[in-house]
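[1] okay, structure incoming, though there's no sequence with it:
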């Protein structure tokens, strides 16, 4: 409701010390009765005995952000966006207490109208079964909302349908992002640019990821195959690694590589291979030495529509339910989407070399076993790392009491020792606690702090590598499951078509 500093996120006050209201805000609460949102949520939580623990997920925050051009070209107003947000909330979050807030601009007046929807995770009324729900508890009062991947895909499809229905600019929400900018990178760039502006330098600030993207684009525009691409990157101090169909890039100033997924889909293996395939096709057509293909590659990397390549051809999503009640446009879009996912799944089945669904099921079992083994290794490393950090903490605490121990040993009489102990009771408690820890864990020789720090850094590096490996194995299991589900659904639909087909004699 009030203006905040863009970097510190602290409220801004006027000359009188009062908060400055934000311009053009709309607020509405739903299913809260006469209470405000916070009080209504607390009452419901007490009634059902939910959301009492500190670690409980107490709310879910969804944001519908409209294209900045909608306000100018399509007449989108704050009131209209608030109305659409309330309608979306009533339809998809029925049974939840909610607050809907619409702002006329983005953070620090960036210009796009957007609507916040915050719901209490607890459901206070029974609701009908929606397509993304897969458990009876998803419809019952007293149970909690689950934000699953299926739910997010369903909400994204609904937002796309809503924008089409209202004649607003359409943003493809179910595809990947060619250049993915995280919130941390966004704020790093904003702060860096602010510092450059304050110093009077007209230079444009670039994050480390932006610089890496430029190096990759430059190498990609010059290379004709992956080996040449890797060689050009190596000359720039970047090492490209390939693991289980995914790429990561390691710069000379880092110890941990940056995965292509964090840079964007344009920098992952499917997009890289698509560029090389296009180059090879154009070389075959023109019979030239690769010079002719370069302009089209540069245009594609600069976002030219006429040379756009489908960089998401390797991403596979679950097929969705085609429901005619959502309109003809959505039904047509859903059918095309399902056909694409079915074709991709069959292509992947052939790519993996599977002859039947049993082979695919066996591959899923093997992938799950690999994931479990990786998780067990990660758990062992984390346990050892936790122990090393605990030992390091006690070693440091024990070392800080060295002067007290030396003074205590220098005292001759018991009376002087007793008096000294009372004066430094807290230090003695810390010392004895550390000694007890050493005895319980069988530490006969106390290691140095630097030695433990070296071991902790090595274990942390192993932990990071295992985290990355585990994420890759999870993605592989998820990918195989998606392929299996899509193929089973395709076979089921084809079987139903054959059963329902009428023959005329």
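    Received it, and whenever you're ready, just let me know what you need. What you see is a predicted model; the values in this text were computed from it and never measured. Numbers count the residues shown, from 1 in each chain.

[2] may I have the phi/psi pair for residue 30?
    phi -120, psi 140 (degrees, to the nearest 10).

[3] so it touches residue 98, yeah?
    Yes. Residue 30 is in contact with residue 98 according to CB atoms under 8 Å; the separation is 4.5 Å. Backbone N, C-alpha and C define where each C-beta goes, glycine included.

[4] of those two, who's got more company?
    residue 98 (26 against 18; other CB atoms under 10 Å).

[5] may I have the secondary structure class of the more buried one?
    strand (DSSP: H, G, I helix; E, B strand; the rest coil).

[6] and residue 392, what does it touch?
    449, 452, 453, 456 (CB atoms under 8 Å, 6 or more residues apart in numbering).

[7] surely the last one is in a helix?
    Which is residue 456. Yes. Assigned with three-state DSSP, residue 456 falls within a helix.

[8] neighbours of it, how many?
    Residues near residue 456, counting by other CB under 10 Å: 16.

[9] ditto for the first one
    Counted with other CB under 10 Å, residues neighbouring residue 449 total 12.

[10] doesn't residue 397 make contact with it?
    No. In this structure, residue 449 is not within contact of residue 397 by CB under 8 Å, at 10.7 Å.

[11] so where do the strands sit in the stretch 201-350 of the chain?
    Ranges of strands in the stretch 201-350 of the chain, per DSSP state E, counting those that start in this stretch, are 238-243, 246-251, 258-259.

[12] deepest-packed of those strands, please.
    Compared across the strands of the stretch 201-350 of the chain, strand 246-251 shows the largest average neighbour count, a mean of 20 (mean count of other CB atoms under 10 Å).

[13] parallel or antiparallel, which strands does it pair with?
    Counting by DSSP bridges, the strands paired with strand 246-251 are strand 238-243 (antiparallel), strand 258-259 (antiparallel).

[14] dump those strands into CSV; add mean pLDDT and distance to residue 204 as well.
    Shown next, in CSV, are the strands paired with strand 246-251 (pLDDT from 0 to 100; distance: least, CB to CB, whole Å):
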stretch, mean pLDDT, distance to residue 204
strand 238-243, 86, 21
strand 258-259, 88, 21
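
[15] can you say which of the ones you listed is nearest to residue 219?
    Nearest to residue 219, of all the strands paired with strand 246-251, is strand 238-243, at 8.1 Å by CB to CB.

[16] what residues does that closest one touch?
    212, 215-216, 229-230, 233, 247-252, 257, 269, 469, 472.

[17] again, 7 Å this time
    For strand 238-243, contacts defined as CB atoms under 7 Å, 6 or more residues apart in numbering pick out 212, 215, 230, 233, 247, 248, 249, 250, 251, 257, 269, 472.

[18] any idea how far it is from the chain center?
    Centroid separation for strand 238-243 versus its chain: 22 Å, with CA atoms, centre = their mean, to the nearest Å.

[19] try stretch 319-339
    So, by CA atoms, centre = their mean, the centroid of stretch 319-339 is 27 Å from its chain's centroid.

[20] just the endpoints, please. Distance across it?
    This stretch, stretch 319-339, spans 8 Å end to end (CA to CA, to the nearest Å).

[21] how many neighbouring residues does residue 419 have?
    The local packing of residue 419 (other CB under 10 Å) involves 12 other residues.

[22] list the neighbours of the host helix or strand of it that are in contact with it.
    Taking DSSP states H and E as the criterion, residue 419 maps to helix 414-423. Applying CB under 7 Å, 6+ apart, the contact partners of helix 414-423 are 407, 408, 411, 428.

[23] among the strands of the stretch 201-350 of the chain, which is nearest residue 181?
    Comparing those by CB to CB, strand 258-259 comes nearest, at 13.1 Å.

[24] contact partners of that closest one?
    When contacts are defined by CB under 7 Å, 6+ apart, strand 258-259 is touched by residues 209, 212, 246, 248, 249.

[25] mind giving me the domain split of the chain?
    25-165, 183-307, 367-473 (automatic domain parsing).

[26] nearest to residue 324, out of the ones you listed?
    domain 25-165 (12.7 Å).

[27] how far does that closest one sit from the chain's center?
    20 Å.

[28] for that domain, measure first residue to last.
    24 Å.

[29] which single one of the contacts of strand 238-243 is nearest to residue 161?
    Closest to residue 161 out of the contacts of strand 238-243 is residue 269 (32.1 Å), distances taken as CB to CB.

[30] residues in contact with the nearest residue to the closest one once chain neighbours are set aside?
    Leaving aside its chain neighbours, residue 269 sits nearest to residue 247 (5.2 Å; criterion: CB to CB, 6 or more residues apart in numbering). Listed by CB under 7 Å, 6+ apart, the contact set of residue 247 reads 240, 241, 260, 267, 268, 269, 272.
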